[in-house]
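K.L.:
Fold the following, please.
(one chain, ligands or ions: 1)
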Amino acid sequence: MNSFKDIFETYNWDETKASIYAKTSADVEWALSVENRTLEDFKALVSPAAAPYLEQMAAISQQLTLKRFGKVIQMYLPLYLSNECKNICTYCGFSYDNKVKRKTLSPMEIMQEVGIIKAMGYDHVLLVTGEDNENVHVDYFKKVLDLIRPHFSHISMEVQPLDLGDYQQLTPYGLNTVLVYQETYHREDYRKHHPKGKKSNFDYRLETPDRLGQANIHKMGLGVLIGLEDWRTDCFFTALHLNYLEKKYWQTKYSLSFPRLRPFSGGLEPKVEMSDRELVQLICAYRIFNSEVELSMSTRESENFRNHVIKLGITNISAGSKTNPGGYAVEPESLEQFEISDERSPEQIARVIRSQGYEPVWKDWDNSLAQ
Ligand code: SF4
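P.N.:
This next block holds a predicted model:
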């Protein structure tokens, strides 16, 4: 078995979807009663048949999260370095065909942003760029990592998928975590949403987590963009992917995200709407299926929703985020990748977390622990 692609190709989207929608309340009750859940149990937990069991799912999810992670929520913040992008993605404000002013932060501008982020209390930063290999490439990432490494104990990256050799070059520069979302596992729809640029190569993206595992990355994050396709089926494939990776690259840690499509300038309407109740169902299903995986929630979600899900299984949360390069200090008014929903400050979010009996933690993994 060389990569996840070999497993993925043994599945058929329509049959998988039909098997999820065929799950019954008996399947859900079984999935809730056993200790070690299979992928078939996960299907039951995300199926429409599980909707009446939401309270029970929430209680189990909360209990499993407390047992594994305790009463802590890790805090992180995105730092957008560049909005230059040569890809067309139908759902993104930075898409190549979207006429926006393009910008890549200079070292001095990066340090201005870092100053604000540090003043907010953050010690874990997520570097984000579009995909423009002429301007934002491995050498640029090395320079950025060198520059900011003394200021953060954990550095994550959400940029274009890279080759194995690139990841192997970046980890000694202090790269701890890489997020790479498949967007959708529906091959044909993926093609529709990514008509131009390197991102249109579905297989290269699908095999990126394998390259990260081979590069011994400390942690990787998976997920899909909810709204592009049937979320139950897409999230089943995410669980399948996670299951495969955990067995093969068992020294790596994993996190999952569940971003719902957000409005942006010139934006795409979601093909599939996911209600708040359904998102709670998904969060609980992921946790009940896998008690080790970190579950991460961004400021895409509303204040009210975020306040209510903190205790249900979430382990990582962002607050005070800007989704434009220079958004904290350099150019606050430039165009965002997508609209933020929860605009509260990190301190306000920290107070909400504390009011629920949990502790916000600003420091995740410390590089010195690996030496
Ligand atoms: S999602 Fe990423 S790759 Fe696609 S247009 Fe936006 S920045 Fe570029």
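
K.L.:
which parts of the stretch 51-200 of the chain sit against the ligand?
P.N.:
For the stretch 51-200 of the chain, the contact set with the ligand under CB under 6 Å from any ligand atom comprises 85, 87, 89, 92, 94-95, 130-131, 199. Just so you know, the C-beta spots here come from the backbone N, C-alpha and C atoms, and that holds for glycine as well.

K.L.:
swap the cut-off to 8 Å and go again
P.N.:
83, 85-89, 91-96, 98, 129-131, 160, 183, 194, 197, 199 (CB under 8 Å from any ligand atom).

K.L.:
same check, this time on the stretch 251-371 of the chain
P.N.:
residue 337.

K.L.:
Just list what the least confident helix or strand in the chain by mean pLDDT packs against, helices and strands only.
P.N.:
Lowest by mean pLDDT, DSSP states H and E among the helices and strands of the chain is helix 303-309, with a mean of 91. Counting by 3 or more CB pairs under 8 Å, 6 or more residues apart in numbering; DSSP states H and E, the packing neighbours recorded for helix 303-309 are helix 276-289, helix 346-355.

K.L.:
buried set for the last one?
P.N.:
Applying a neighbour-count criterion of 16 or more other CB atoms under 10 Å, the buried positions in helix 346-355 are 346, 349-350, 352-353.

K.L.:
Now for the residue in the stretch 201-350 of the chain that the ligand sits nearest to: which residues touch it?
P.N.:
Here the residue of the stretch 201-350 of the chain nearest the ligand is residue 337; by CB to the nearest ligand atom that distance is 6.4 Å. Residues in contact with residue 337 (CB atoms under 8 Å, 6 or more residues apart in numbering) are 80, 83, 92-94, 128, 264, 323-324.

K.L.:
Which residue, other than its chain neighbours, is closest to it?
P.N.:
In space, and not counting its chain neighbours, residue 337 is closest to residue 323: 4.2 Å by CB to CB, 6 or more residues apart in numbering.

K.L.:
Figure out the helix or strand that that neighbour lives in.
P.N.:
Of the helices and strands defined by DSSP states H and E, none includes residue 323.

K.L.:
Residue 317 falls within a strand, correct?
P.N.:
Yes. Under DSSP: H, G, I helix; E, B strand; the rest coil, residue 317 sits within a strand.

K.L.:
Need the pLDDT of it.
P.N.:
In this model, residue 317 is scored at 93, pLDDT.

K.L.:
roughly how far apart are it and residue 159?
P.N.:
Residue 317 is 22 Å from residue 159, where distance means CB to CB, to the nearest Å.

K.L.:
again, but for residue 230
P.N.:
28 Å.

K.L.:
what does residue 109 give?
P.N.:
From residue 109 to residue 159 the distance is 17 Å (CB to CB).

K.L.:
more neighbours, the two?
P.N.:
Legend: neighbour count by other CB atoms under 10 Å for residue 109 and residue 159, higher for residue 159 (21 against 17).

K.L.:
and the nearest residue to the more buried one once chain neighbours are set aside, what is it in contact with?
P.N.:
Sequence neighbours aside, residue 129 is the residue nearest to residue 159 in space, at 4.6 Å (criterion: CB to CB, 6+ apart). Residues in contact with residue 129 (CB under 8 Å, 6+ apart) are 80-84, 104, 136, 158-160.

K.L.:
one more time with 7 Å, if that's ok
P.N.:
Shown in contact with residue 129 (CB atoms under 7 Å, 6 or more residues apart in numbering): 81-82, 136, 159.
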